[in-house]
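> Provided below for reference: sequence and predicted model.
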Amino acid sequence: MSAISPQSRSWCINLTFHGVGPQTRAIDPAEGRFWLSSETFTTVLDTVAAHRHVTLTFDDGNASDLHVALPALRERGLFATFFVVAGRLGAPGFLATDDVRALADEGMTIGNHGMHHRSWRKLGSDELDEELGSARRLLENVVRQPVTRVAIPYGAYDRWVLQALHRHRYERAFTSDRGPARSDRWLQSRNSLSQQDGPAELHRILWPEAPFGAEAVRRTTLLVKRWR
């Protein structure tokens, strides 16, 4: 018997992409495993296009968000949230300000992924305010509308980070915790796709069948992260 039912409207599956298509900048191996080819990316989009319980997000603000992802999304009538690292705007291989504005003009949601893509757990108050406040204001000046969503770099959070996110009044915060998410929850788990994830793994992500014991362990792990 399944412990979760993403078919229900109360559940959703958040998929996370990083770079897609040809690599346009130097990347380290840890990041490279999440960079999908154009063929793999479009195959995933074709698979999820008909599933209303799946939402799409993109991290880091790579230039491929505009040049590869956006045309593929438009072709299928899909929308996504793009979490941009504000301090990388205009850097080689990353989105420029006009690119971010173009995504927003196409109906895509722009979210904050921090200023410098560093672990927020290791930062003091001033540095964390730069990541959550200054970066957000920079992006809001670009898209000329509120930025209400945030994605936590590396999925690294604790009680200190969550308190800061609440203090900055973000409407929705996204992690890298795998598994389904409750659609109405403030903290949203996400599932990153890697080069090694084939059709079977994608199906497992989209239609998880976790026994009650495994789901209980997962929830306990997340609870520890939130209170450490």
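Cool, the structure landed.
> enumerate every residue touching Q196.
Q196 is in contact with R33, counting by C-beta atoms under 8 Å, 6 or more residues apart in numbering. In short, each C-beta sits where N, CA and C put it, glycine included.
> switch to 10 Å and redo it
Q196 makes contact with 33-34, according to C-beta atoms under 10 Å, 6 or more residues apart in numbering.
> mind pulling up the pLDDT for it?
Listed pLDDT for Q196 reads 89.
> could you shift the numbering so residue one becomes 18, and keep it that way?
All set: I'll call the first residue 18, so the last point we hit is now Q213.
> need the three-state assignment for it.
Recorded secondary structure, Q213: coil (DSSP: H, G, I helix; E, B strand; the rest coil).
> the host helix or strand of T60 packs against which elements?
Using DSSP states H and E, T60 sits within helix 55-65. The contact analysis (3 or more C-beta pairs under 10 Å, 6 or more residues apart in numbering; DSSP states H and E) places helix 55-65 against strand 28-34, strand 71-77, helix 87-93, helix 216-223.
> in JSON lines, list the ones you listed along with distance to E148, mean pLDDT and mean neighbour count.
What follows is these, written out as JSON lines (distance: least, C-beta to C-beta, whole Å; pLDDT from 0 to 100; neighbours: other C-beta atoms under 10 Å):
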{"stretch": "strand 28-34", "distance to E148": "19", "mean pLDDT": "95", "mean neighbour count": "21"}
{"stretch": "strand 71-77", "distance to E148": "14", "mean pLDDT": "97", "mean neighbour count": "23"}
{"stretch": "helix 87-93", "distance to E148": "26", "mean pLDDT": "97", "mean neighbour count": "15"}
{"stretch": "helix 216-223", "distance to E148": "28", "mean pLDDT": "90", "mean neighbour count": "14"}
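> out of these, which gets nearest to L62?
helix 87-93 (5.7 Å; C-beta to C-beta).
> only C-alpha atoms, please: export stretch 58-67 in PDB.
Extracted in PDB, the C-alpha atoms of stretch 58-67 (Å, rounded to 0.1, in the frame of the first residue of the first chain):
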ATOM      1  CA  PHE A  58      15.700  17.200 -21.500                       C
ATOM      2  CA  THR A  59      13.100  17.200 -24.200                       C
ATOM      3  CA  THR A  60      12.300  13.500 -23.500                       C
ATOM      4  CA  VAL A  61      11.600  14.400 -19.900                       C
ATOM      5  CA  LEU A  62       9.400  17.300 -20.900                       C
ATOM      6  CA  ASP A  63       7.400  15.100 -23.200                       C
ATOM      7  CA  THR A  64       6.900  12.600 -20.400                       C
ATOM      8  CA  VAL A  65       5.700  15.100 -17.800                       C
ATOM      9  CA  ALA A  66       3.700  17.400 -20.100                       C
ATOM     10  CA  ALA A  67       0.500  15.600 -19.500                       C
END
